[in-house]
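In: next come a sequence and a model predicted from it.
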Amino acid sequence: MSTLRDPVGPERKAVYVRRRIAVLVGLLALIGFIVLIIVKPGSSGGAAAAPEVELPGEVVVEETTTPAADVPVCPAGELQVTPITDRESYAADEQPLLSMRIENIGEINCQAELGTAAMSFRITSGSDEVWRSTDCQVDADRRSVILEPAKPLETEAITWDRTRSSTETCSVDRDGVTAEGATYHLHVSAAGVSSNSTAPFLLY
C-alpha cells in the first residue's frame, strides 16, 4: 500500500517530494485568496480615521481687552467729523457719492453712537437746504462703536439722486435740482457732532 508519507513504486522519491511541495503551495495560495476576499486591504475593525484638514495660515483674531462698559463716551470736543464726496464735479449723468469720516482726536479710547439713527447728511446751495438723508430714512439702527485715537472710521457711501427732499416727498416723484455748474455743499453730523467744514462740489 502506497502513501504520500512513504512513496513506493517505479517513480523516485524526489518526484513525490516535488508533488508534495506543489500541493502545499497551491493550498497556501487558495487560503490567501480567501483571506483577501473576506478582509479587504486597509479595512479595520475600528472607526475610520478622520481626514486631515489643512487650516488657513493667516487667520488673526483680534481680542478686545477692555469691556465696552469701561470705555467712556467720547466728549464732543474729541470727535472730528468730516464730509467726503467722491468727486469735486459731476457731469449730467453722474450722481454724487456721499460719506463721512469720524475720528477720535483725544488721547484715550472712547465710544460713540454711530448707527444710522445718529448720522445725517445734508446738502445745501447758498442758504437753500436742498436735501437731507433723514427726511425719508427707513430702518435706522443704533450702534455703539469704540474709537481708538488717530484711527478714523469712514462710512459706506450713499448716493444722492440730485433731487430735492422733504418729509412729504418720500412716496412721490421729486423735483430735480438746478445743475449747469451750480455749487452745492455737503454737511454731515454723527453722534451729535457736526462737521466744522463742508465738502463743496459742482453739478453740470
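Out: Sure, I can see it.
In: return the list of strands paired to the one helix or strand Val81 maps to, each annotated with direction.
Out: Here Val81, judged by DSSP states H and E, is contained in strand 79-85. Sheet pairing for strand 79-85, assigned by DSSP bridges, gives strand 97-104 (antiparallel).
In: give the buried residues for the partner strand.
Out: 98-104 (16 or more other C-beta atoms under 10 Å). The way it works is simple: take the backbone N, C-alpha and C, and place the C-beta from them, glycine included.
In: ditto for stretch 71-86
Out: Buried, per 16+ other C-beta under 10 Å, within stretch 71-86: 71, 74, 78-79, 81-85.
In: which residues touch it?
Out: 96-106, 108-112, 121, 146-147, 152, 154, 157, 186-199, 201 (C-beta atoms under 8 Å, 6 or more residues apart in numbering).
In: and what of stretch 194-204?
Out: Around stretch 194-204, the neighbours that count as contacts under C-beta under 8 Å, 6+ apart are 80-85, 87-92, 96, 100, 124, 162, 177-189.
In: and this protein, what are its domains?
Out: Per automatic domain parsing, the domain ranges recorded for the chain read 6-41, 71-203.
In: can I get these in JSON lines including mean pLDDT?
Out: JSON lines is the format used below for those (pLDDT from 0 to 100):
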{"stretch": "domain 6-41", "mean pLDDT": "57"}
{"stretch": "domain 71-203", "mean pLDDT": "95"}
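In: let me know which of those is tucked in deepest.
Out: With neighbours defined as mean count of other C-beta atoms under 10 Å, the domains of the chain peak in mean count at domain 71-203, which reaches a mean of 15.
In: what ranges do the helices span in this protein?
Out: 13-38 (DSSP state H).
In: skip the chain neighbours and tell me the closest residue to Gly106.
Out: Counting by C-beta to C-beta, 6 or more residues apart in numbering, Gly106 lies nearest to Glu78, which is 3.5 Å off, once chain neighbours are set aside.
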